[in-house]
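Asker: Fold the following and give me the result.
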Amino acid sequence: MSPYNMNWLKYLSENDTIITYLFVGQVSSRLKCRICHTLSVNYEAFSILSLPIPNVVTCNIMECFRQFFEEQQLDPPNQWNCVKCGIKTPSAQKITLIKMPTILIIQLARFHNNLIRNNCFIHYPLILDYRYTGVLTNSYTNNFKYELYSVVCHQGSVNNGHYSTFVYKGDKNGWYYFNDTIFKSIQTLNEIIR
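Answerer: All right, here's what the predicted structure looks like:
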């Protein structure tokens, strides 16, 4: 049995719920020491995919996916403690999707360590076909297509703000906008993808 399967089965044995089956996926994190080339692979479960946002005015959500899965160079102060070298060393980290959840929740990481909001306008499709994100590199992933059912919007700062949401109620009922006690039917898709 492969290491990712063993890790996934162990996770399921400790988290055997309907929530896990619906909302949890798995990634692998590969760390490679740039001094001795030692490789460490860890498998981690996730329920929310927190995607970074490029520092641009506008982008497509596929660019956020690509940025998340790019190989990252870990230099001071973020170095990895290499088990072979016995010290923190310059390293490279690569995250790969192993298992996609049945229901995918994406968070757009608009706030960073400096607590300044990234207001990049992000275009996203109503149907996300993950095969075309340009980052599907592992043949073990399952679900590829996701249909958009909800968009949660935040206005404000990292310390306070207000949330509203758009919800898809099916082909018969369409999209609705909810903001506290106010709700209304959405007539055009431009209101959702704005």
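Asker: Name the residues of the worst-scoring helix or strand of the chain on mean pLDDT that come out as buried.
Answerer: Of all helical and strand segments in the chain, the minimum by mean pLDDT, DSSP states H and E falls on strand 127-129, at a mean of 87. Neighbour counts using 16 or more other C-beta atoms under 10 Å place L128 of strand 127-129 among the buried residues. (Each C-beta comes from the backbone N, C-alpha and C, glycine too.)
Asker: how distant is it from the center of its chain?
Answerer: Distance, stretch centre to chain centre, for strand 127-129: 14 Å (C-alpha atoms, centre = their mean, to the nearest Å).
Asker: when you give positions from now on, start the count at 18
Answerer: Done: numbering now begins at 18, and the last item shifts to strand 144-146.
Asker: Run through who's touching it.
Answerer: I78, L121, F161, K162, Y163, E164, L165 (C-beta atoms under 8 Å, 6 or more residues apart in numbering).
Asker: now, among those, which is nearest to A62?
Answerer: L121 (13.7 Å; C-beta to C-beta).
Asker: measure P118 to N95 for me?
Answerer: From P118 across to N95, the span is 28 Å (C-beta to C-beta, to the nearest Å).
Asker: Neighbour count for those two, which is higher?
Answerer: Neighbour count, other C-beta atoms under 10 Å: between P118 and N95, P118 has more, with 21 against 12.
Asker: Quick check: closest non-adjacent residue to C170.
Answerer: S181 (5.0 Å; C-beta to C-beta, 6 or more residues apart in numbering).
Asker: residue contacts, the residue positioned nearest the centre of the chain?
Answerer: In the chain, the centroid-proximal residue (C-alpha atoms, centre = their mean) is L66; its distance is 2.1 Å. Shown in contact with L66 (C-beta under 8 Å, 6+ apart): G42, F85, L121, I122, I123, Q124.
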